[in-house]
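Visitor: Task: produce atomic coordinates for the following.
(chains A and B)
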Amino acid sequence: MVYSDKVIDHYENPRNVGSLDKNAADVGTGIVGAPECGDVMKLQIQVENGVIKEAKFKTFGCGSAIASSSLATEWLKGKTVEEATAIRNVDIVEELALPPVKIHCSVLAEDAIKQALADYKRKQENSNV
Amino acid sequence: MSDTSQEKQVYLDYQATTPVDPKVLEAMLPYFQGTFGNPASRNHSFGWNAESAVDASRKSIAEAMGASAREIVFTSGATESNNLAILGVARMYKPKGKHIITCATEHKAILDPAQYLGKEGWEITILGVDANGHIDLDELRSAIREDTVLVSIMHGNNEIGTLHPIAEIGAICRAKGTLFHTDATQTLGKEEIHVQDMNIDLLSASAHKMYGPKGVGILYVRRRNPRVRLEPVQHGGGHERGARSGTLNVPGIVGFAKALELCLADREGEQKFVAGMRDRLQKRLTDALDHVHINGDENARLASNLNLSFAFVEGESMLMGMHGIAVSSGSACTSASLEPSYVLRALGVGDELAHSSIRFSVGRFTTEEEVDHAADLTIATVKKLREMSPLYEMAMEGIDLSTVQWSGH
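Guide: Residues are numbered from 1 along each chain as shown, chains lettered A, B, ... in the order given. Sure, this is the predicted structure:
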């Protein structure tokens, strides 16, 4: 597989690898994929006053899956929760120049973002009750 | 693209192919220009000289496995030999039966022609294997029927290295009166092979897995007790006693014979050397890393083979980190089909571990320094990727990954 320089850069120097406290009220967690499919992404956001202050990821998967989730955390930081919902997999494909067989990696990253946002919103609603 | 010019390149993919030994190349060179004749040219010295080189090669290859020269058919490689064995026997013996037996971990060059025959109405029994890659010999015995014309079981597996007991399989087939073919691509020149002692009726092999050139193979076809007959697959000038038409690859054939001669000159010594390198690599990796699974049979295994699954990291991402180390992976992401290795699946290795598998294979020119360098880089890459693996994190937290409800995609 011949990758773009951007994929290689994210693979060699992944941004924001790590974990946040999944039980914290201001943290949203998304875990998508399955080990038997060859990729699992965990993406977490920490939100303060409606703005994503911190984003972390851990990914089991190929170079494109790692790069897609690494890029997603970069893009999430500093965005409002509303702005974050606008991130689309096609943006990731374009930015990383992913080949067609790797498009599913970007879909997985978009799903992880959505899940993390939904998890955060659910926690907020529950704490407001 | 990463810059490869600065990286140390280490070749640990000897089961994919091997470099041509300099002595093999030297033996081949005269047959490209000086002695370039066509062995089928019967009326001039160019043809005669080429023919005598082919005859000498045929004789030495045959004798190396206890066969006679007339039982060797030259082909373009083991894929062609396998196709000729399966299709050629099936078509010739059609009046006798319509059943062929093979096994789930065979190379695609066996499984695909067998499947092709299945479409033509043949019944194909594909024997399963246990966790180490072995067939059950009792199951084989009971699978052989009156109308079984061929059993094809490979000698050494190309992915996991498991060695099948071909002498026992040969004895079973002989007792049942069924022809036995073995794909010995990974083992000729390495493991002991004797077609008489092992009751082998047909045998495929290729030069490029034993330090010979690509593009030349053989099919051994027994001529006595019993005489095996083949319907040709490739038609034309009637070369190779009609079994395989096409001008002979004279330099390739000379190279095959020389390569085999070199392998057998010190077969046991080389096996010991190669296994020593493999064991060194295995020890370095398993000492430094936990959750490493050995795929295949740790004992009945090709000396060169080391197939490992590094749990919680994906194979393709490992290859990306192992700069300059040439190995293979059973990960779906490295295959054209986007499916994980069917061989590992047949062993019952879960897909998640198949995605995490790497096949290392060492050989004649491997050095301790290369093994150590490859081990260091592999260990560093696995550790780095486990740091960013959500599965490793969960496993370390004591979560049983098999109980997790995954979303899939």
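Visitor: Tell me where the model's unsure across chain A.
Guide: Where chain A drops to pLDDT under 70, the residues are A:1, A:128-129.
Visitor: tell me which parts of it are close to chain B?
Guide: Counting by CB under 8 Å from any CB of the partner chain, the residues of chain A close to chain B are A:1-3, A:5, A:8, A:11, A:14, A:17, A:19, A:31-42, A:57-63, A:65-66, A:101, A:104, A:107-108, A:111. For the C-beta atoms, the positions are set from N, CA and C on the backbone; glycine is no exception.
Visitor: Among those, name the ones in helices.
Guide: Mapping the residues of chain A next to chain B onto helices (DSSP state H) picks out A:Asp5, A:Ile8, A:Tyr11, A:Gly63, A:Ala65, A:Ile66, A:His104, A:Val107, A:Leu108, A:Asp111.
Visitor: Reformat those as JSON lines; add neighbour count.
Guide: JSON lines is the format used below for these (neighbours: other CB atoms under 10 Å in any protein chain shown):
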{"residue": "A:Asp5", "neighbour count": "11"}
{"residue": "A:Ile8", "neighbour count": "16"}
{"residue": "A:Tyr11", "neighbour count": "23"}
{"residue": "A:Gly63", "neighbour count": "25"}
{"residue": "A:Ala65", "neighbour count": "27"}
{"residue": "A:Ile66", "neighbour count": "29"}
{"residue": "A:His104", "neighbour count": "21"}
{"residue": "A:Val107", "neighbour count": "17"}
{"residue": "A:Leu108", "neighbour count": "28"}
{"residue": "A:Asp111", "neighbour count": "19"}
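Visitor: Now render those as TSV, adding distance to B:Asp201.
Guide: Formatted as TSV, those follow (distance: CB to CB, whole Å):
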residue	distance to B:Asp201
A:Asp5	55
A:Ile8	51
A:Tyr11	51
A:Gly63	47
A:Ala65	48
A:Ile66	50
A:His104	47
A:Val107	52
A:Leu108	51
A:Asp111	55
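Visitor: What is the nearest of the residues you listed to B:Glu26?
Guide: Among these, A:Ile8 lies closest to B:Glu26 (CB to CB), at 41.0 Å.
Visitor: picking that back up, which ChimeraX command selects the buried ones in the residues of chain A next to chain B?
Guide: Listed next is the ChimeraX selection for buried residues among the residues of chain A next to chain B, using 16 or more other CB atoms under 10 Å in any protein chain shown:
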select /A:3,8,11,14,17,31,32,33,34,35,37,38,39,40,41,42,57,58,59,60,61,62,63,65,66,104,107,108,111
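Visitor: Can you name the helix or strand that B:Asp287 falls in?
Guide: Assigned by DSSP states H and E, B:Asp287 falls within helix B:267-288.
Visitor: Check which residues of that helix are buried.
Guide: B:Glu270, B:Gln271, B:Phe273, B:Val274, B:Ala275, B:Met277, B:Arg278, B:Arg280, B:Leu281, B:Gln282, B:Arg284, B:Leu285.
Visitor: likewise stretch B:215-235?
Guide: B:215-222, B:228, B:230, B:232-234.
Visitor: next one: stretch B:204-214
Guide: For stretch B:204-214, using 16+ other CB under 10 Å, the buried residues are B:Ser204, B:Ala205, B:Ser206, B:Ala207, B:His208, B:Lys209, B:Met210, B:Tyr211, B:Gly212, B:Pro213, B:Lys214.
Visitor: of those residues, list those near chain A.
Guide: Contacts with chain A within the buried residues of stretch B:204-214, counted by CB under 8 Å from any CB: none were found.
Visitor: Between these, which sits nearest chain A?
Guide: Chain A lies nearest to B:Lys214 out of the buried residues of stretch B:204-214, by CB to the nearest CB, at 23.6 Å.
Visitor: And what about B:Thr381, helix, strand or coil?
Guide: Under DSSP: H, G, I helix; E, B strand; the rest coil, B:Thr381 falls in the helix class.
Visitor: so which of the buried residues of stretch B:215-235 also contact chain A?
Guide: Among those, no residue lies close to chain A (CB under 8 Å from any CB).
Visitor: now those residues in a markdown table, with secondary structure?
Guide: Output for the buried residues of stretch B:215-235, formatted as a markdown table (three-state DSSP):
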| residue | secondary structure |
| --- | --- |
| B:Gly215 | coil |
| B:Val216 | coil |
| B:Gly217 | strand |
| B:Ile218 | strand |
| B:Leu219 | strand |
| B:Tyr220 | strand |
| B:Val221 | strand |
| B:Arg222 | coil |
| B:Val228 | coil |
| B:Leu230 | coil |
| B:Pro232 | coil |
| B:Val233 | coil |
| B:Gln234 | coil |
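Visitor: For the residues you listed, give me JSON lines that also has pLDDT.
Guide: Output for those, formatted as JSON lines (pLDDT from 0 to 100):
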{"residue": "B:Gly215", "pLDDT": "98"}
{"residue": "B:Val216", "pLDDT": "98"}
{"residue": "B:Gly217", "pLDDT": "98"}
{"residue": "B:Ile218", "pLDDT": "98"}
{"residue": "B:Leu219", "pLDDT": "98"}
{"residue": "B:Tyr220", "pLDDT": "98"}
{"residue": "B:Val221", "pLDDT": "98"}
{"residue": "B:Arg222", "pLDDT": "98"}
{"residue": "B:Val228", "pLDDT": "98"}
{"residue": "B:Leu230", "pLDDT": "96"}
{"residue": "B:Pro232", "pLDDT": "97"}
{"residue": "B:Val233", "pLDDT": "96"}
{"residue": "B:Gln234", "pLDDT": "95"}
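Visitor: show me where the stretch 251-400 of chain B has strands.
Guide: For the stretch 251-400 of chain B, applying DSSP state E, counting those that start in this stretch gives strands covering B:292-294, B:305-310, B:325-326, B:328-329, B:357-361.
Visitor: Out of the ones you listed, the one nearest B:Glu261 is which?
Guide: The nearest among these, by CB to CB, is strand B:357-361 at 22.4 Å.
Visitor: helices or strands up against that closest one?
Guide: Counting contacts by 3 or more CB pairs under 8 Å, 6 or more residues apart in numbering or on different chains; DSSP states H and E, strand B:357-361 packs against strand B:305-310, helix B:315-321, strand B:328-329.
Visitor: What's the mean pLDDT across it?
Guide: Averaged over strand B:357-361, pLDDT sits at 96.
Visitor: And for stretch B:101-121?
Guide: 97.
Visitor: Can you show me the CA trace of that stretch as PDB?
Guide: Backbone C-alpha positions of stretch B:101-121 (Å, rounded to 0.1, in the frame of the first residue of the first chain) are rendered in PDB as follows:
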ATOM      1  CA  ILE B 101      -9.700 -35.000  -2.000                       C
ATOM      2  CA  THR B 102      -7.600 -32.100  -0.800                       C
ATOM      3  CA  CYS B 103      -7.300 -29.900   2.300                       C
ATOM      4  CA  ALA B 104      -8.400 -26.500   3.400                       C
ATOM      5  CA  THR B 105      -4.900 -25.000   3.800                       C
ATOM      6  CA  GLU B 106      -3.600 -25.900   0.400                       C
ATOM      7  CA  HIS B 107      -2.300 -23.200  -1.900                       C
ATOM      8  CA  LYS B 108      -4.800 -21.500  -4.200                       C
ATOM      9  CA  ALA B 109      -3.100 -23.200  -7.100                       C
ATOM     10  CA  ILE B 110      -4.600 -26.400  -5.800                       C
ATOM     11  CA  LEU B 111      -7.900 -25.100  -4.400                       C
ATOM     12  CA  ASP B 112      -8.900 -23.100  -7.400                       C
ATOM     13  CA  PRO B 113      -8.400 -25.800 -10.100                       C
ATOM     14  CA  ALA B 114     -10.200 -28.200  -7.700                       C
ATOM     15  CA  GLN B 115     -13.100 -25.800  -7.400                       C
ATOM     16  CA  TYR B 116     -13.100 -25.400 -11.200                       C
ATOM     17  CA  LEU B 117     -13.600 -29.100 -11.500                       C
ATOM     18  CA  GLY B 118     -16.400 -28.800  -9.000                       C
ATOM     19  CA  LYS B 119     -18.200 -26.700 -11.500                       C
ATOM     20  CA  GLU B 120     -17.700 -29.400 -14.100                       C
ATOM     21  CA  GLY B 121     -19.500 -31.900 -11.900                       C
END
